[in-house]
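Colleague: With the sequence up front, the predicted model follows.
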Amino acid sequence: PFNHTGPGQTDRFFVPAMARQIVEGQRHGDRQLRSGNLAVRREMLDVRDVVGAYRLLAEHGAAGDVYQVCTGTSVALTDVVDRLLRLAGWPMTVVADPARMRPVDLPDVRGDPARLQRATGWAPRYGLDETLGDVIEDWRQRLVARRSS
């Protein structure tokens, strides 16, 4: 699979790390969002769609064949951050954090889902905004639960 995300994912990954910062910023009145390189483009697939693809491959895939679980479309990480901020309803200024920069970062990473689609008929069910909104809501619930425990 290519980059995937969704509710429940650890904040060691890009989308939940940004969502957590945004939710915490909203709770504490912080207006700065620290990030790494946002100039790159990445596939963004909902983990629930990845699981669906795996299920279909288990039923219809050919043993030994290689399938790319992806959409074939990439999105700029700047766009992902803008969408997260819009969905959370909290404006923040993005600040580049050298500690979050990778020494090497490919400019655009995307795959080709054609073989997967031919073998299984798979198509993603979750749009990016739905996924990002679910991740924001997940972090709101997690941080409330941590505060009350």
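Modeller: Good, I have the coordinates. Residues are numbered from 1 along each chain as shown.
Colleague: Export the longest helix along the chain to CSV, keeping only CA atoms.
Modeller: Criterion DSSP state H: the longest helix present in the chain is helix 128-148. Below are the C-alpha coordinates for helix 128-148, written out as CSV (Å, rounded to 0.1, in the frame of the first residue of the first chain):
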residue,chain,number,x,y,z
LEU,A,128,-9.8,12.7,1.5
ASP,A,129,-11.9,15.3,3.4
GLU,A,130,-13.9,12.5,5.1
THR,A,131,-10.8,10.7,6.1
LEU,A,132,-9.1,13.9,7.4
GLY,A,133,-12.3,14.9,9.3
ASP,A,134,-12.4,11.5,10.9
VAL,A,135,-8.8,11.8,12.0
ILE,A,136,-9.5,15.3,13.5
GLU,A,137,-12.5,13.9,15.4
ASP,A,138,-10.5,10.9,16.6
TRP,A,139,-7.8,13.2,18.1
ARG,A,140,-10.5,15.4,19.7
GLN,A,141,-11.9,12.2,21.4
ARG,A,142,-8.5,10.9,22.4
LEU,A,143,-7.3,14.1,24.0
VAL,A,144,-10.6,14.5,25.9
ALA,A,145,-10.3,10.9,27.1
ARG,A,146,-6.6,11.6,28.3
ARG,A,147,-7.6,14.7,30.1
SER,A,148,-10.4,13.0,32.0
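Colleague: list the buried ones in it?
Modeller: Buried residues in helix 128-148, defined by neighbour count with 16 or more other Cβ atoms under 10 Å: 128, 131-136, 138-140, 142. In this view, the C-beta of every residue, glycine as well, is placed from N, C-alpha and C.
Colleague: Now find how far off-centre stretch 72-90 is within its chain.
Modeller: 9 Å (Cα atoms, centre = their mean, to the nearest Å).
Colleague: which outside residues touch that stretch?
Modeller: Defining contact as Cβ atoms under 8 Å, 6 or more residues apart in numbering, one finds that stretch 72-90 is touched by 14-15, 18-19, 22-23, 25-26, 33, 35, 37-44, 91-92, 94, 108-114, 128-129, 132-133, 135-136.
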